[in-house]
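J.: need a 3D model of the following:
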Amino acid sequence: MSSSSFRRAAVPAAFPFLFAVVVAVVIAPIAAPAAAQQQVTITANRTPQRVDQVLADVTVIDRRQIDAATGRTLSELLTQQPGLQFWSNGGLGKASSVSIRGLEARHVLLLIDGVRYGSATLGTPNFDNLPLDAIDRIEVVGGPLSGLYGSDAVGGVVQVFTRRGADGLGVNGQATVGSHGYAQFGGGLRYGQGIVDGAVQVERTRDRGFSATNAKIPFGNHNADDDGFSQTTASAQLGLKLPGAWRAEGRLLRSSSHNHYDDGPGADAESATLSSLSSLQLSGPVAAGWRTAVRVARSSDELQTIRSASAFASLGTIATVQRLPLSVVNIASKT
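T.: Predicted coordinates:
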C-alpha cells in the first residue's frame, strides 16, 4: 500500500526564499503494525524508564514528528522543542550549534545509539552530517547530567536512535525536491521474525545551495557563488535473540558529505566530512531483578579541507575518534 502527499517544506526565517514544494512518497509497512507501546526513555537515567515516571525534563521526538519535518535539518528539528536554540553558518550542511537552556553549545552531549559522537575540530557536537531519514527517534534531556555523562553534559544530552528492526516486514521510501536544486531520495527495509531482526536505510541528498555570505555587510568577505552540499548515508542494524532473555546487537552508520562554503573572496572553499559509528552490544539478565549491557563501540568524525581561500588554512584531514572499549555500560534494577 502506498500514499502520496504534497507538502511545503518549512525553513528558518532567515532564509525565506528557500521555501520548497516537497513531494513525499511513503510506502507503508507490508506487515500489520505492532501494537502501541508505552513511551519509554533511556537517556535520563541510562536505564529504560517510562516517560511519565522520569523526574528530569525529557522530550521524546518520535518517527511521526520526524516525518513531518521533511526538508529540515536535525538542528532545526531540535530547536522546535522548548528550551533549545541553534545557530548556523549557512545553508544545508554548514556548521551549526545547538544550545539547551542558554548554555554554550559545547555543553551539549550528542549520543548516537548510546555512543558519544562529537568533533574536536568544531569543539561542539556535529549535528550537520546526520540526516533525519536514518533516525528512528530522538530523546532530549535538559539540565545538568554531568554526574552520568561527564562535564560535556552540563547543559543536557541529545540522544539519537537510528532505525531498527520490527516485527514483520516493512518498507519505507521518500523523495523530496525543492528550490535551489534541492533533491533527496531515500529508502529502507526493516524486518523481524523469530530470533532475528534488522534494518537497512540509505539516503542521497544534493543541494545547489546559495551564498553563505551577505553582500550588505560592510567590509565582509562576500563571495557571490552558490555554496552547494551533497551527502550519502547508509545505516544498518542486526539483532539476535539468545537463550535466557539475552540479546546480541550490532549497528553501523556511515555518512559522507561534500561541502562548499565561503571563507574569503575569489575562491570556492571546499571540504568533505565522513561520519561513522560502529557498535556491538550484548545485554540480558545477570541475576533476578537485574540486567546488564556490555558494549564495544567506535565513533569517528573526519573533516578534510580540500580547498581554502585562507593562506593560513592547513589542507588535509583532521579526525576525531572516540573509542569505547569492552565495558559495562549500565546495570539496572527491573521495575
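J.: just the buried positions in the helix or strand in which Val200 is found, please.
T.: Val200 is part of strand 196-210, with elements assigned from DSSP states H and E. Neighbour counts over strand 196-210 (16 or more other Cβ atoms under 10 Å) mark 197-203, 205-210 as buried. Every residue, glycine included, has its C-beta placed from N, CA and C.
J.: then stretch 287-299?
T.: 291, 293, 295, 297, 299.
J.: helix, strand, or coil at the nearest residue to the third one once chain neighbours are set aside?
T.: Right, Arg295. Beyond its immediate neighbours in the sequence, the residue positioned closest to Arg295 (Cβ to Cβ, 6 or more residues apart in numbering) is Gln281, lying 4.3 Å away. Following DSSP: H, G, I helix; E, B strand; the rest coil, Gln281 is assigned to strand.
J.: these two touch, right, Gln281 and Val294?
T.: Yes - here Gln281 reaches Val294: they are 6.9 Å apart, a contact under Cβ atoms under 8 Å.
J.: report the mean per-residue pLDDT for the strand holding Val200.
T.: Averaging the model's pLDDT scores along strand 196-210 yields 93.
J.: neighbouring strands - and their directions - for it?
T.: Strands flanking strand 196-210 in the sheet, each with its direction: strand 183-193 (antiparallel), strand 227-242 (antiparallel) (DSSP bridges).
J.: dump these into CSV; add distance to Pro131 as well.
T.: Formatted as CSV, the strands paired with strand 196-210 follow (distance: least, Cβ to Cβ, whole Å):
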stretch, distance to Pro131
strand 183-193, 8
strand 227-242, 5
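J.: which one of the buried residues of stretch 287-299 is nearest Phe312?
T.: Checking these against Phe312 by Cβ to Cβ gives Ser299 as the nearest, at 29.2 Å.
J.: make sure that closest one is indeed in a helix.
T.: No - with the criterion set as three-state DSSP, the secondary structure at Ser299 is strand rather than a helix.
J.: gap between stretch 140-152 and the chain center?
T.: 19 Å (Cα atoms, centre = their mean, to the nearest Å).
J.: endpoints of it, how far apart?
T.: 15 Å (Cα to Cα, to the nearest Å).
J.: likewise for stretch 155-171?
T.: Distance between the boundary residues of stretch 155-171 (Cα to Cα) amounts to 37 Å.
J.: where does the stretch 201-335 of the chain have low pLDDT?
T.: Scanning the stretch 201-335 of the chain for pLDDT under 70 picks out 220, 264-267, 329-335.
J.: strands of that one, start to end?
T.: Along the stretch 201-335 of the chain, the segments classed as strands by DSSP state E, counting those that start in this stretch run 227-242, 246-261, 269-287, 290-307, 316-333.
J.: can you tell which of these is closest to Val171?
T.: Between Val171 and the strands of the stretch 201-335 of the chain, the tightest spacing by Cβ to Cβ is seen for strand 227-242, at 15.3 Å.
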